[in-house]
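**Student:** Sequence and predicted structure below; questions after.
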Amino acid sequence: MDDGLAMCPDRLRLVLWQVGTALAIYCVNIILSVAVALATEDAHASMFLAIGIACGCWLALFRLWDNITGPFSAGKAACLVVAVLVGFDVIFAVAIAA
């Protein structure tokens with residue numbers, strides 16, 4: 001009887017790819033947010049650009065979430081964690097601009 005805990009190598013590679021993609025989206029968010037913060041002198045403009053970058057990352061995460069089939073998996077968990085981290089980035093940008 002298979003309890004679902006054992007993964008075939010293809011499934012494991014797919015989960016690792018999904019988790020890696022979610023983390024890559026977060027890295028892109030951080031890199032672009034830092035680049036915008038360094039490139040702009042106005043805190044409010046930097047905040048709005050960081051929010052725009054975060055929205056783009058959330059859309060990419062939603063697209064990744066939509067492509068993950070099956071029950072709740074590590075890929076979906078990674079999407080949720082990264083979405084929360086991107087949200088913290090937005091809160092941080094708003095706090096700096098205030």
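**Tutor:** Cool, the structure landed. Just so it is clear, the structure is predicted and the values come from calculations on it, not from any experiment. Numbers count the residues shown, from 1 in each chain.

**Student:** OK, contacts around A37?
**Tutor:** The contact partners of A37, taken as Cβ atoms under 8 Å, 6 or more residues apart in numbering, are S46, A50, A93. Using the backbone N, CA and C atoms, a C-beta is placed for each residue, glycine as well.

**Student:** how about a cut-off of 10 Å?
**Tutor:** A43, S46, M47, L49, A50, A93, I96 (Cβ atoms under 10 Å, 6 or more residues apart in numbering).

**Student:** ditto for T40
**Tutor:** Going by Cβ under 10 Å, 6+ apart, T40 touches S46, M47, F48, L49, A50.

**Student:** With W58 instead?
**Tutor:** W58 sits next to I25, N29, C79, V82, A83, V86, G87, V90 when contact means Cβ under 10 Å, 6+ apart.

**Student:** Can you tell me the closest non-neighbouring residue to the last one?
**Tutor:** Computed as Cβ to Cβ, 6 or more residues apart in numbering, the closest residue to V90 that is not its neighbour in sequence is A54, at 4.8 Å.

**Student:** The contacts of W58, buried ones only, as a PyMOL selection?
**Tutor:** A single PyMOL command selects the buried members of those (16 or more other Cβ atoms under 10 Å):
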select buried, resi 25+29+79+82+83+86+90
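
**Student:** Out of the contacts of A37, which comes closest to G70?
**Tutor:** Using Cβ to Cβ, A50 is the member of the contacts of A37 that lies nearest G70, at 33.4 Å.

**Student:** That closest one: helix or strand, and which one exactly?
**Tutor:** helix 43-67 (DSSP states H and E).

**Student:** those helices in the chain, which residues are they?
**Tutor:** 9-39, 43-67, 74-97 (DSSP state H).

**Student:** Now the first one: buried residues?
**Tutor:** Pointing back at helix 9-39 there. 14-15, 18-19, 21-22, 25-26, 29, 32-33, 36-37.

**Student:** where does the protein dip in pLDDT?
**Tutor:** Where the chain drops to pLDDT under 70, the residues are 1-7, 72.

**Student:** about what we covered before: highest neighbour count among the contacts of T40?
**Tutor:** The most crowded member of the contacts of T40 is A50, carrying 25 neighbours; neighbours defined as other Cβ atoms under 10 Å.
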